[in-house]
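Novice: Below are the sequence and a predicted model; questions follow.
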Amino acid sequence: MPRTTSDAPQTTAEISKERQRLVWKPLPLQVQLWVEVSLLIAFGFIMVYSASSIPALAKFSNPNYYLKRQLLCIAIGLAAMFTISRMPYRSFKKYSGVLMLSMIVLLALVLVPGVGVKFNNARRWLKAGPLHIQPAEYAKVVWVLFLSSALVRKQDRIKQPRVSFWPYLILCGLFCILLLKEPDFGSVFMFVLLMVIMMAVTGVPFRCFFLMAPFTALAFYRMVFLVPYRRLRWEAFLNPWVDPLYSGYQLIQGWIAVGSGGFLGKGLGAGQEKLLYLPESYTDFILAVIGEELGFIGILLVCVLFLFLFFTGLEISKEAPDYFGSTLAIGLTMLISLEALLNMGVVLGLVPTKGTALPFISYGGSAFVADSIAIGMLLSIARSCEKRVDNFE
């Protein structure tokens, strides 16, 4: 659980023990996080080129088309990450309410014909020059920031559901309605899951979640089984071979890619599924290309990098100077980790197909920049952890 101010050491012996615990680390938390994210970005850049060159050549007669756009997104993401990492994380609280309202407005604008951009029967983007912005990706980060700020501020009344539960459930419902209109069921799932996690770690009574369970189950049934294309995805998840040329096609091709890669893979650039067989090979299903070209070792490398990032995030939460920093670090860490876990689950057939990018590896601007902002916030908290060490000197 996050540490509060009352947990600070009081005696000289306790201060010495706390100082040793903070100082004796292989690398500063900031450096650990920078290294892990840099490795993911570099690895993703290589794999995006490998997975996207043939589709880009077929569609735009330029094998570097997606690579150049990804490089632009990386530059924007790194600039945002560095800028936010230099800001005091406590200042983020001041903007949480305004950012929340901004996200509601942007998600509503997406639904306006002529303003929102529609691709593949989904209206999820706003056009900004040569780029397309997907507000839902940024809304997840803002949702974590808003809940961290609001729930920590109400710690003295956290056991009162009318204060700590119902207002945020209603707000989450508003976001879910806007997201379902796009439609974006994957983001709805993430919003609800993040809300439950944030409430659980801040001490909201568990009875609230039991009250919420039947309504969640009913909503899930209506959103999945009463919507034809989502029901097809669910049936394809249970048995993709029932319709191998339509609803089960992408999952089957993903399995073929991962399975044919074996232990060491066919070699970087030697994959065949990206030759227009596997849809979304450089976005949502890039892990399948990694499995085919780099084998089990490549997938294991990705898992290890995300596992390191997860534990570094938890360590930042543990060492954060205050309850807000600790809670925010947990939320941001879980956001990125759950996105990675969900994407891997989709590719490997462990969860139904959803449009979720693999953080820092998949091609895509909004997801990359939004995750970069989340890492920037984590770096800001980590920087404050290092200042705690300096204060013990």
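Specialist: Good, I have the coordinates.
Novice: ok, now which ones touch the residue nearest to the spatial centre of the chain?
Specialist: Taking Cα atoms, centre = their mean as the criterion, I336 is the residue nearest the geometric centre of the chain, at 3.5 Å. Residues near I336 by Cβ atoms under 8 Å, 6 or more residues apart in numbering: 306, 309, 313, 359, 371, 374-375. (C-beta placed from N, C-alpha, C; glycine too.)
Novice: What of F296?
Specialist: 261-265.
Novice: Is I41 inside a helix or a strand, and which specific one?
Specialist: For I41, the host element (DSSP states H and E) is helix 29-60.
Novice: Quick one: name whatever helix or strand follows that helix.
Specialist: helix 65-85.
Novice: quick one: L379 is in a helix?
Specialist: Yes. Residue state for L379 (DSSP: H, G, I helix; E, B strand; the rest coil) corresponds to a helix.
Novice: any idea which strand is longest in the chain?
Specialist: strand 122-128 (DSSP state E).
Novice: Give me the sheet partners of that one and which way each runs.
Specialist: strand 116-119 (antiparallel), strand 131-133 (antiparallel) (DSSP bridges).
Novice: hmm, back to that, which of the contacts of F296 fall in helices?
Specialist: Among the contacts of F296, DSSP state H puts G261 in helices.
Novice: nearest to W234, of the contacts of F296?
Specialist: G261 (27.3 Å; Cβ to Cβ).
Novice: Can you give me the distance of the nearest residue to Q253 once chain neighbours are set aside to I286?
Specialist: Among residues not flanking Q253 along the chain, L278 sits closest, at 4.4 Å (Cβ to Cβ, 6 or more residues apart in numbering). Distance of L278 to I286, computed by Cβ to Cβ, to the nearest Å: 10 Å.
Novice: so where's the chain shaky on pLDDT?
Specialist: 1-26, 387-393 (pLDDT under 70).
Novice: rerun at 80
Specialist: Within the chain, the ranges that satisfy pLDDT under 80 run 1-27, 120-121, 128-131, 355, 386-393.
Novice: hang on, the earlier thing: check which residues of the helix or strand hosting the residue nearest to the centre of the chain are buried.
Specialist: Under the criterion of DSSP H and E, I336 resides in helix 323-347. Using 16 or more other Cβ atoms under 10 Å as the test for burial, helix 323-347 gives 323-344, 346-347.
Novice: now do stretch 375-389
Specialist: 375-386, 389.
Novice: Count the neighbours of A108 for me.
Specialist: As a burial measure, A108 scores 15 neighbours (other Cβ atoms under 10 Å).
Novice: tell me the most buried of the strands paired with strand 122-128?
Specialist: strand 131-133 (a mean of 17; mean count of other Cβ atoms under 10 Å).
Novice: Give me the buried positions along stretch 233-253.
Specialist: Here stretch 233-253 shows 233, 235-237, 240, 247-253 as buried, counting by 16+ other Cβ under 10 Å.
Novice: picking up where we left off before, go through the buried residues of stretch 375-389 and say which is closest to I158.
Specialist: I381 (21.4 Å).
Novice: So that closest one sits against L328, correct?
Specialist: Yes. I381 is in contact with L328 according to Cβ atoms under 8 Å; the separation is 6.7 Å.
Novice: Name the residues contacting each of those two.
Specialist: With Cβ under 8 Å, 6+ apart, I381 and L328 have common neighbours 89, 320.
Novice: now the helix or strand containing R233, how far from the centre of its chain.
Specialist: Assigned by DSSP H and E, R233 falls within helix 228-238. In terms of Cα atoms, centre = their mean, to the nearest Å, the centre of helix 228-238 is set 24 Å apart from its chain centre.
Novice: In terms of packing, which of L278 and I286 has more residues around it?
Specialist: Regarding L278 and I286, a neighbour count based on other Cβ under 10 Å identifies I286 as having more, with 28 against 25.
Novice: backbone phi and psi for the closest residue in space to the more buried one that isn't next to it in sequence, please?
Specialist: Beyond its immediate neighbours in the sequence, the residue positioned closest to I286 (Cβ to Cβ, 6+ apart) is S362, lying 5.1 Å away. Dihedral pair for S362: phi -70, psi 150, per degrees, to the nearest 10.
Novice: so S362 touches A288, yeah?
Specialist: No. Counting by Cβ under 8 Å, S362 does not reach A288; the two are 11.4 Å apart.
Novice: what about those two, which has more around it?
Specialist: A288 (30 against 24).
Novice: Buried residues of the helix or strand that one falls within, list them for me.
Specialist: For A288, the host element (DSSP H and E) is helix 286-319. With burial defined by 16+ other Cβ under 10 Å, the residues of helix 286-319 counted as buried are 286-295, 298-299, 302, 305-306, 308-310, 312-313, 315-319.
Novice: residues touching the nearest residue to L350 once chain neighbours are set aside, list them.
Specialist: Distances taken as Cβ to Cβ, 6+ apart put M344 closest to L350, at 7.7 Å, once the chain neighbours are dropped. Counting by Cβ under 8 Å, 6+ apart, M344 touches 287, 302-303, 350, 358.
Novice: count of neighbours near L211?
Specialist: 14.
Novice: which residues are in contact with the helix or strand harbouring it?
Specialist: Secondary structure from DSSP H and E places L211 in helix 207-225. Contacts to helix 207-225, defined as Cβ under 8 Å, 6+ apart, come from residues 161, 165, 169, 180, 185, 188, 192, 196, 199-200, 230-231, 234.
Novice: Let's see that helix as PDB, backbone CA atoms only.
Specialist: Coordinates of each C-alpha in helix 207-225 appear next as PDB, following Å, rounded to 0.1, in the frame of the first residue of the first chain:
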ATOM      1  CA  ARG A 207     -18.800  -3.600  -1.100                       C
ATOM      2  CA  CYS A 208     -19.100  -0.900  -3.800                       C
ATOM      3  CA  PHE A 209     -17.500  -3.300  -6.300                       C
ATOM      4  CA  PHE A 210     -19.900  -6.100  -5.400                       C
ATOM      5  CA  LEU A 211     -22.800  -3.700  -5.900                       C
ATOM      6  CA  MET A 212     -21.300  -2.700  -9.300                       C
ATOM      7  CA  ALA A 213     -20.700  -6.300 -10.500                       C
ATOM      8  CA  PRO A 214     -24.300  -7.200 -11.600                       C
ATOM      9  CA  PHE A 215     -24.700  -3.900 -13.500                       C
ATOM     10  CA  THR A 216     -21.300  -4.500 -15.200                       C
ATOM     11  CA  ALA A 217     -22.200  -8.000 -16.200                       C
ATOM     12  CA  LEU A 218     -25.500  -6.800 -17.700                       C
ATOM     13  CA  ALA A 219     -23.800  -4.000 -19.600                       C
ATOM     14  CA  PHE A 220     -21.100  -6.400 -20.900                       C
ATOM     15  CA  TYR A 221     -23.800  -8.800 -22.100                       C
ATOM     16  CA  ARG A 222     -25.700  -5.900 -23.900                       C
ATOM     17  CA  MET A 223     -22.500  -4.500 -25.400                       C
ATOM     18  CA  VAL A 224     -21.100  -7.800 -26.600                       C
ATOM     19  CA  PHE A 225     -23.800 -10.300 -27.300                       C
END
